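**Student:** Show me how the following folds:
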Amino acid sequence: MTSPSTGKGLLLEKTKVSKRYPEARVIVLNDDFNTYEHVVKCLTKIIPGMNEEKAWKLARRIDTEGYAIVWCGPLEQAELYHQQLLSEGLTMAPIERT
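**Tutor:** Prediction:
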């Protein structure tokens, strides 16, 4: 005599693999034609949460150090801000993934 089947089989569970969304940095480079005022105007207009005080500090850093990271966050947003700053005439480094 055989034993009846219980109907229970091997159940495989799916494993979740979560990937971090790519992050990036937006970097403005120093040049010989954009003024502090123009850089400050562009940063406050385009970068969310940017105020004039912070924008002036970044403009001075761009001038003295040759560049400044003006925004860090999700790649998609970084691409947008990079393009907008570029279209305003700022000199931009390529987007840097983190």
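
**Student:** Just to check, N34 is in contact with L86?
**Tutor:** No - between N34 and L86 there is no contact under C-beta atoms under 8 Å: 11.7 Å. C-beta here means a position set from N, CA and C on the backbone, and glycine is covered the same way.

**Student:** and these two? which has more neighbours close in?
**Tutor:** Between N34 and L86, counting by other C-beta atoms under 10 Å, N34 is the more crowded of the two (19 against 14).

**Student:** residues contacting the residue nearest to the more buried one when sequence neighbours are not counted?
**Tutor:** The shortest distance from N34 to any residue other than its chain neighbours is 6.0 Å, reached at L90 (C-beta to C-beta, 6 or more residues apart in numbering). Neighbouring residues of L90 by C-beta atoms under 8 Å, 6 or more residues apart in numbering: 28, 31, 34, 38-39, 42.
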